[in-house]
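J.: Have a look at this prediction, sequence included:
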Amino acid sequence: MKTPLRVAVTGAAGQIGYSLLFRIASGAMFGADQPLILQLIEAPIEKAMQALQGVSMELDDCAFPLLKGQVLTDDPNVGFKGANWCLLVGAKPRGPGMERADLLKDNGKIFIAQGKVIDAVAADDARVAVVGNPANTNCMIAASQAKRLPADRFTAMVRLDQNRAQAQLAKKSGKELTDVKDCFIYGNHSPTMFPAFQHATISGKPAAGVINDNAWLQGAFCETVGKRGAAIIAARGLSSAASAANALVDHVHDLMTPGTIHSVGVKSGGNYGFDPNVWAGMPVRTTKPGSWEAITTYAMDDFAKTKIAATNKELVEERAMVADMLKQG
Ligand code: NAD
Ligand code: LMR
């Protein structure tokens, strides 16, 4: 029997939490032979902690063999203690008419506090995945607070965008989803993100050739993927939750699976012309469980370079908006 992994999840009683926890406990994230202890963290609000009790009762009632324990807390010092993975979901979602960056002033503060505590009390091998929006910049804020954990342990989720892009390519081409590969996401989890269709394949052939509609790829495709979150809010009245939880399962699962190439928001290091100190989506290869290296060899045409410049500009602007938060590191 393996030693249980300690998985801390913030916002555990929220929408995404309700779709996520059961998938983690069932083994979808870390595998069918990996026992877990879930460390569930909520805001210090009576209603949220009460809802968390209910979620925990349902986890019990699922009788998941892998779930070896649950910690329920509103104290991050307790919730992140010894955690091997810290999944930072808890934050305000946007409503209709808002952009994700509008959340920065409120949500950014959460990630200052959590980044500090994680650095102080989480396990030596701790990894952090940020979902709360705006995810890239919140991830940068959390990482800026860390003195012990290196920056490459902090990743932001852009996997929902990769899944959305690949689903759109499958629909347009009439092919199976499993035929569509390698549509990686560059930049910010925002409408400026760039889903690089140039490198995607469908049934092993370049997607652009199979689809044979460059105007659609450069126009409607990029726009649909970039604005999908807003379209879901407009239709559902609430931001995406089940698909976001599913994407986080994919994000962590693939970061634990050596050899996998997938889109992750990481400290850019200057790759693809991004500012070196912003967290930008790009393809990475998982090297060993929890570790990755950026794939830097994809060639970019003029269209791609323009898109990357625009999403980089937005990331740099977001960083300027939270400069005061970064100084607290
Ligand atoms: P929600 O409002 O349903 O749940 C958020 C939960 O977080 C609430 O239960 C709240 O009490 C809790 N919370 C707030 N502050 C906290 C703190 N300091 N510590 C612990 N818990 C805290 O929201 P949701 O729909 O679950 O979305 C959560 C976040 O994820 C939002 O910011 C949303 O925009 C974002 N999101 C990101 C992506 C992505 O692809 N990166 C996709 C979907 C949603
Ligand atoms: C999404 O992409 O669905 C989420 O980031 C929620 C949002 O605000 O769009």
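T.: That came in fine, so what should we check first? Ligands and ions are numbered 1, 2, ... in the order given.

J.: What residue in the stretch 151-300 of the chain comes nearest to ligand 1?
T.: For the stretch 151-300 of the chain and ligand 1, the shortest gap (CB to the nearest ligand atom) falls at residue 244, measuring 3.4 Å. For glycine as for every other residue, the C-beta is placed from the backbone atoms N, C-alpha and C.

J.: My error: substitute the stretch 1-150 of the chain in the last question.
T.: Using CB to the nearest ligand atom, the closest approach of the stretch 1-150 of the chain to ligand 1 is made by residue 14 at 2.0 Å.

J.: so how far is residue 193 from the residue in the stretch 1-150 of the chain positioned nearest to ligand 2?
T.: In the stretch 1-150 of the chain, no residue comes nearer to ligand 2 than residue 94, which is 4.3 Å away by CB to the nearest ligand atom. Distance of residue 94 to residue 193, given as CB to CB, to the nearest Å: 16 Å.

J.: sorry, back to before: the residue of the stretch 1-150 of the chain closest to ligand 1 - how many residues pack around it?
T.: Residue 14 is flanked by 24 other residues according to other CB atoms under 10 Å.

J.: again, but for the one 3 residues further on
T.: When neighbours are counted by other CB under 10 Å, residue 17 registers 24.

J.: could we number from 563 for the rest of this?
T.: Happy to do that; since the first residue is 563 now, the last one works out to residue 579.

J.: these two touch, right, it and residue 585?
T.: No. If you go by CB atoms under 8 Å, residue 579 and residue 585 don't touch, sitting 10.8 Å apart.

J.: which residues are in contact with both of those two?
T.: By CB atoms under 8 Å, 6 or more residues apart in numbering, residue 579 and residue 585 have these common neighbours: residue 807.

J.: how about the residue of the stretch 713-862 of the chain closest to ligand 1, secondary structure?
T.: Look at residue 806: counting by DSSP: H, G, I helix; E, B strand; the rest coil, its state is helix.

J.: give me every residue that touches it.
T.: Counting by CB under 8 Å, 6+ apart, residue 806 has contacts 578, 581, 693, 719, 722.

J.: just the strands in the protein please.
T.: In the chain, the segments counted as strands under DSSP state E are 567-572, 598-603, 629-635, 647-650, 689-692, 716-718, 742-743, 747-748, 756-757, 763-764, 767-768, 823-829, 841-850, 853-856.

J.: So for residue 874, which of those sits nearest?
T.: strand 841-850 (6.9 Å; CB to CB).

J.: shaky segments in this protein?
T.: 889-891 (pLDDT under 70).

J.: Would you mind listing what in it touches ligand 2?
T.: Counting by CB under 6 Å from any ligand atom, the chain comes close to ligand 2 at 655-656, 662, 695, 722, 791-792, 794, 801-802.

J.: Neighbours of residue 627, how many?
T.: Residue 627 has 11 nearby residues by other CB under 10 Å.

J.: Would you confirm that residue 831 contacts residue 856?
T.: Yes. With contact defined as CB under 8 Å, residue 831 reaches residue 856; the gap is 6.7 Å.
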